[in-house]
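K.L.:
Compute the structure for the input listed below.
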Amino acid sequence: MKNLFNKWVLGICIVLTVSILTGCGSKTEHWAYIHEPTEEVIALSDNGKATYKGNKYTYTKDDSYITLKDKSGGEESLRYEMNGDQMILYEKSTYTRLGKAEGDGIVGVWTQDNGWSYQFTEDGRFSEEDIFFGRYTVDEANSCIRLMYDDPIEDAFLYYTLAGDSLTVAYPWPMVRVQ
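P.N.:
Numbering: from 1, shown residues only. Below you'll find the predicted structure:
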């Protein structure tokens, strides 16, 4: 009987030790782009740890933003929206205006070093990567650009900041749980 009790205690100790070492059952959300559902982009653990594009962070989350902090104290806030079992994650990219400003605000040609580009005209037309075209509107009060594509693509709402010839755009990426 004593031997059975010792085995039981040893079994409980092993279970508790494994639970502690593996995070005590902490829950993690794993998210991927909808077009690459098996490739994790962001993982959020309920113990306050996150992985984003292969880098480790601590994070906080409210109803609109996931704020990532790295070990050096750097911080990045990612806007997000939940839509049922999907998440829209807004990732930031910075573009530089080519040439002189053609008008007020975002009007002009904007490029990145990788060749990606936007062109916004004064008459409310846009080009994205010289592939997608359509009309746009700007909600300056909410720093939001609405892209209405000519192709049968759902409208996109981009959040932006404009500082001289630098345009930072938070683009919406549909996410699904990793499959």
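K.L.:
Would you map the strands across the protein?
P.N.:
28-33, 40-45, 49-52, 55-61, 65-69, 75-83, 86-98, 108-111, 117-120, 125-128, 132-139, 144-149, 156-163, 166-177 (DSSP state E).
K.L.:
partners of the fourth one in the sheet?
P.N.:
Okay, so that is strand 55-61. According to DSSP bridges, strand 55-61 has the following sheet partners: strand 49-52 (antiparallel), strand 65-69 (antiparallel).
K.L.:
Of all those, which one is nearest residue 112?
P.N.:
Closest to residue 112 of the strands paired with strand 55-61, according to CB to CB: strand 49-52, at 19.8 Å. C-betas here are computed from N, CA, C, even on glycine.
K.L.:
May I have that closest one exported as PDB, CA atoms only?
P.N.:
This file holds the C-alpha atoms of strand 49-52, laid out as PDB (Å, rounded to 0.1, in the frame of the first residue of the first chain):
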ATOM      1  CA  LYS A  49       4.300  36.800 -24.600                       C
ATOM      2  CA  ALA A  50       4.100  37.100 -28.400                       C
ATOM      3  CA  THR A  51       5.900  36.200 -31.600                       C
ATOM      4  CA  TYR A  52       5.500  38.500 -34.600                       C
END
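K.L.:
Let me have the strands paired with strand 55-61 in JSON lines, extended by mean pLDDT.
P.N.:
What follows is the strands paired with strand 55-61, written out as JSON lines (pLDDT from 0 to 100):
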{"stretch": "strand 49-52", "mean pLDDT": "97"}
{"stretch": "strand 65-69", "mean pLDDT": "97"}
